[in-house]
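Asker: Structural data only, the sequence is not supplied:
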Ligand SMILES: Nc1nc2c(c(=O)[nH]1)N[C@H]1C(S)=C(S)[C@@H](COP(=O)(O)OP(=O)(O)OC[C@H]3O[C@@H](n4cnc5c(=O)[nH]c(N)nc54)[C@H](O)[C@@H]3O)O[C@H]1N2
Ligand SMILES: Nc1nc2c(c(=O)[nH]1)N[C@H]1C(S)=C(S)[C@@H](COP(=O)(O)OP(=O)(O)OC[C@H]3O[C@@H](n4cnc5c(=O)[nH]c(N)nc54)[C@H](O)[C@@H]3O)O[C@H]1N2
Ligand code: SF4
Ligand code: SF4
Ligand code: SF4
Ligand code: SF4
Ligand code: SF4
Ligand SMILES: [Mo]
């Protein structure tokens, strides 16, 4: 029979943390896998982040007299927020279950904090987009847009805390970098959406945004995988690894194209469309990848046992029998 | 403040706002060295709490066919067959009844957005199924993999430490059913003293492997309300060797998120500066 | 014990906490072994060799408790010159008749003479020495597969923990009884415990861990064909024409059985009340008579042969639970009518629809003549009554809820059935109806279901003075029973449970509020005595053997017996008492005689009478064994009960075709034939499927995969089971070769939530000659990977195995 208390999960990758093949209970997971549904939650992360940055970008565009970009930003923000809420409600099963989130405000619960960001943000962006669409109440619309712009950055980053504030090793250990990965990804996605939605004439800032966002996401992601060692293994291996690699390539290509698009005047339209699509695809792939990595790291007890054992060893606490 | 999220916390119930004079914190000392693996605890729990069965599935994990704690198994008895440490060969058959730890710093409770999970006046951690909205956040938050959403129902379930019984001065169903007093219920302070004596006794009797798990208020979750005497390393029973409540790092997480948010704003700003194209 | 008596096992854990050494002797490493200080794996069916080895160890090292042995056992008795031992006859005792396969016990009797020096060559002690001399550590190793170092560790532990200051207890259950030599297993342990002075003393004894919650009760007030309440024998058709001839063998003889006439007459008065008079021999003639073996297996054979036409199954599931389940089902299928009273629709009630024989085509539902009546039964929680547990403790249980739907208690069923039958017979002049019409059948009923009062039944069992009425008339002890019809008592050993009009079975005084013997919890028969034969806890002069082990003793000042328990002798009989000539019953026993049920008041190391298969235990191989008997030319118990007939063939010894030993057993998670556990989700999920346990070595030898399927084949049948490969059932070295054992829980059958093949398909009907118990604990099989064939192909597989093993199956039978 599979030797319990013997060698649990038999896959012998070299542990970055020096440890013999860890023991486990029949190789079964110690943690429960995240209960969040795919695609609902990764889509929510993606759409929310994109919407957040788009709202801020729209306000800036508005302030710098780029009406087309402003409108595009407002529509993307509202659309993204709406999709985000829809995804969340779908994950919960029933709409009233989302309202239950607003029963209380709990600072210790990123989901509670997030709900209190998401709810007003959605309202404001929908208001702003509505005004844009109908042309009615322009002043209120602009005010809503400005307010949404204020919430935008939070929308783009709180979801990193949402994932990090769990016992899932790959997520929790990544908490210093994860917000920057999400921020970069959100910037790039927002840029990608704008590249598709707005007229090339107004693409200047968007292209810069794409490059900044992509650079930030890739840099932070690289640092995250480096630092987290064994715990970061799921980011490099398996389905998650593949998704994240794809995400990186698409994002880099999208950003590159965006930057290049600036030079070639003639093909501007097409280049913008392709890079925009690449950036959005990259953003989606990244979010799916990060979720998949969390699941993978919950599944294998090594990611729980090896680091915790190492921690104990540092404190000089091991098996009392061995002492 | 720090003790709100991690570190020793003498009185979680008081910390949760119960007035002075609330009852002392209760919990479990599960002494696995006297567990005979009869599973009376598992059955008594399901019977009393009306928990559905976990499905008929032969797992081949020695005599364990429920596998792990979850929405439909609130007491779980682990079985581990291993060669004996003793010189004259033979074997050991470890049995251990696992349960929700009712952590001093309960990640599940901290992250619950609806307030469905709450701290009772007895210092225990309970889900209110009429409030739970099935968001599932508590599930990955638990460092012990205890709480789980129930298939089809969507809401989260776990051991209530028999809130309905303990509130009425009765012992929890599992403790009541245990024939060998492997499950000991009572005020946590008393249990910790008793456990200390028991582990010393076992060491004197030549059982050096005996060790306590989850008894230490200074550990990563501020000590468990349900702690254990084990005869091997925790991971052998499917327990994390050194769990830490995730919310310990929450302030740092928010700081990093804030920095990232500022960077986002900066990046947007920056991209609108410069030449107009 | 942890597996099957988990609640009782808490006391073992408590003893362990106080420093007791726990040794577990079992072929498998079980939950009990996990808690034991020492686990001794041995070959199933070899315990007499193992225990015999311990007896030899005691005798050859003279470690017996000599004072106790001389004073309280029959060790000094001299045996007849014509007695021959297994030593002389290579595995047989004198008196064996090979034709009738039966022992004549004349030569086992005592001769005149008595030698307290225990030196006389024909004294029991010396016979014992010679008999067990060959049970050496090496022989134990060769027979049981127990290495001699391990054996000697056990021997030391047991002997060092016995004597004046210390006592050792043995607990056994059906791992010891379900053998063709089951009774002799227990005899060997008794001899050992008696030699060590461990009987009748605190912390000593042999505890039979009983089965169903009140199986003890159902032997005290028996569901057994050959006993009347209180272990009175059932009269025999030829020998017992009248009351005098019935009691002749015992009445007036020394010991408590000397009062047999009082017990019987009081029982007859309880049955037939005023109709029972001295003039009509107290209706002794109304009692049925035995014409032979009417045990369950004999009855199955009668069913197969068409002699038994109707059958009541009350709380029994033989289609799964009894040896050779096919034989059981074929028997049930050959009845006119069958009544099943059960909590669940068990296999014994549904076999005719979807039983294994229907699948193989051996039976066709439309051709089965048996009319099956299923009557739902009330469970113990739905009725009042008593449980008598393993330590003879009666404990009253109160009804918690009304039985659901049509479910009724068994008391309700039998009372109202009797009432209706009596109504039908009312006014009949036919003599043969008198026993039914004269019965006292006047139990009060209450409630909407007209439930008879269990309390009234217990009062009848307790007994009363026939002239009196009310609580005052209730008897308080069996010593009050008379043979003149002035007392009525349903079971003499239970007399006193209702003394003074109080239901003592319902006593619930907490332990902390009473002495450590706890006489205030429940009521133990006889006379609320917690340790039988406890007179032996004091020396012949009546002083405790040691302060540490004091229990009951003679208080010279008060000139009566006193102590922690009810003394098991007349309280005022001084240790120095010598019976006057002509004394009868207990008065005929000296003050030094603790074993008051015996005519000589002594423990029998050597049993001159009472056993069908020998005055001393000898190791015989199980009826099916892969090896030859290492001790004697006689392979198996010569007088075992065999039913060598179709569907019940046995494999020859040393089997090449059936090379492995299989044993059957229980799991904590299930109950017996499974009607009470396989149907409950909370229990079914804990052990969801039939499985077999094999060692890694056997798995490798036969290509069995953990969690894969295996087919296990015996000379009777083939079943399939999932495979658990585990070190808990190690291979053993026996007779110079490796013997593998296959472990089979026997809880499964086709009905319920958790289903599987029944282990009892494989088991044969071959029985112990004393108590007719099946040999379910040791037989031979083959095991192979994969599932068993379906349909008729299953029969072909088994037939092929039989052919290869050279076993004849006569289709004409
Ligand atoms: N949970 C649970 N409890 C029960 C029951 C149940 O079905 N389930 N049944 C009740 C009933 S009816 C009864 S009779 C009792 C029976 O109680 P037990 O006798 O304890 O039950 P078993 O498991 O049949 O047999 C005990 C052990 O005998 C071992 N054994 C087999 N052959 C031999 C042998 O030759 N020598 C020795 N030394 N050991 C051997 C088996 O490996 C097994 O571990 O349990 C009662 N209690
Ligand atoms: N191979 C193998 N065979 C064995 C054994 C073994 O160890 N190995 N053990 C043997 C032993 S010790 C025993 S005791 C037998 C047990 O074998 P069985 O007695 O045939 O099996 P059980 O399942 O105990 O049957 C008891 C039935 O009584 C029903 N019942 C429970 N309470 C009541 C009640 O109050 N009234 C009525 N009318 N019914 C009730 C239950 O639902 C259950 O179906 O098996 C024997 N057979
Ligand atoms: S063990 Fe898990 S579920 Fe139980 S209180 Fe702690 S965090 Fe919550
Ligand atoms: S699933 Fe229920 S209990 Fe768990 S965090 Fe969400 S609301 Fe709270
Ligand atoms: S305390 Fe109650 S709820 Fe918790 S495991 Fe025990 S019986 Fe179940
Ligand atoms: S009831 Fe007690 S002895 Fe039985 S399995 Fe549970 S903890 Fe162990
Ligand atoms: S089931 Fe009943 S009889 Fe068996 S151990 Fe439990 S309490 Fe005792
Ligand atoms: Mo039994």
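Answerer: Right, received. Where do you want to start? Not measured: the values here are computed from a predicted model. Ligands and ions are numbered 1, 2, ... in the order given.
Asker: Now do the contacts for residue 78.
Answerer: If you meant another chain, say so; for now it's chain A. With contact set as CB atoms under 8 Å, 6 or more residues apart in numbering or on different chains, residue A:78 has these partners: A:51, A:122, A:125, A:126, A:128, A:129, A:130. C-beta: built from backbone N, CA, C; applies to glycine.
Asker: other chain: chain C
Answerer: Contact partners of residue C:78, counting by CB under 8 Å, 6+ apart, are C:110, C:111, C:112, C:113, C:114, C:115, C:120, C:122, C:123, C:124.
Asker: looking at it, the last one is touching residue C:603, isn't it?
Answerer: No: under the criterion of CB atoms under 8 Å, residue C:124 is not in contact with residue C:603, lying 10.8 Å apart.
Asker: Give the intersection of the neighbour lists for those two.
Answerer: Residues touching both residue C:124 and residue C:603 (CB under 8 Å, 6+ apart): C:73, C:74.
Asker: okay, now residue C:675: neighbour count?
Answerer: Residues near residue C:675, counting by other CB atoms under 10 Å in any protein chain shown, number 25.
Asker: Output the contacting helices and strands for the helix or strand harbouring residue A:254.
Answerer: Assigned by DSSP states H and E, residue A:254 belongs to helix A:238-263. On a contact count with 3 or more CB pairs under 8 Å, 6 or more residues apart in numbering or on different chains; DSSP states H and E, helix A:238-263 meets helix A:178-197, helix A:204-228, helix A:233-236, helix A:268-299.
Asker: Let me have the ones you listed in JSON lines, extended by distance to ligand 6 and mean pLDDT.
Answerer: What follows is the helices and strands packed on helix A:238-263, written out as JSON lines (distance: least, CB to the nearest ligand atom, whole Å; pLDDT from 0 to 100):
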{"stretch": "helix A:178-197", "distance to ligand 6": "40", "mean pLDDT": "96"}
{"stretch": "helix A:204-228", "distance to ligand 6": "38", "mean pLDDT": "95"}
{"stretch": "helix A:233-236", "distance to ligand 6": "35", "mean pLDDT": "96"}
{"stretch": "helix A:268-299", "distance to ligand 6": "27", "mean pLDDT": "95"}
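Asker: And these: which comes nearest residue C:663?
Answerer: helix A:268-299 (39.8 Å; CB to CB).
Asker: So is the closest one next to ligand 3?
Answerer: No: Helix A:268-299 lies out of reach of ligand 3 by CB under 6 Å from any ligand atom, never closer than 13.8 Å.
Asker: Now for residue 108: which residues touch it?
Answerer: Defaulting to chain A. Contacts here follow CB under 8 Å, 6+ apart; on that basis residue A:108 touches B:5, B:110, B:111, B:247, B:250.
Asker: switch to chain C, that's the one I care about
Answerer: Contacts for residue C:108 were tallied using CB under 8 Å, 6+ apart; they are C:79, C:80, C:83, C:93, C:94, C:95, C:606, C:607, C:608, C:609, C:615.
Asker: just to confirm, which helix or strand has the closest residue to residue C:355 other than its chain neighbours in it?
Answerer: What sits nearest to residue C:355 in space, not counting adjacent residues and going by CB to CB, 6 or more residues apart in numbering or on different chains, is residue C:329, at 5.4 Å. Using DSSP H and E, residue C:329 falls within helix C:325-332.
Asker: list the buried ones in the helix or strand following that helix?
Answerer: Using DSSP H and E, the helix or strand that follows helix C:325-332 in sequence is strand C:337-342. For strand C:337-342, a neighbour-count test (16 or more other CB atoms under 10 Å in any protein chain shown) marks C:338, C:339, C:340, C:341, C:342 as buried.
Asker: Out of the helices and strands packed on helix A:238-263, which one sits most buried?
Answerer: Greatest average neighbour count among the helices and strands packed on helix A:238-263 goes to helix A:178-197 (a mean of 30), per mean count of other CB atoms under 10 Å in any protein chain shown.
Asker: Who are the packing partners of that helix?
Answerer: Counting contacts by 3+ CB pairs under 8 Å, 6+ apart, helix A:178-197 packs against helix A:40-63, helix A:67-92, helix A:138-164, helix A:204-228, helix A:238-263, helix A:268-299, helix B:250-272.
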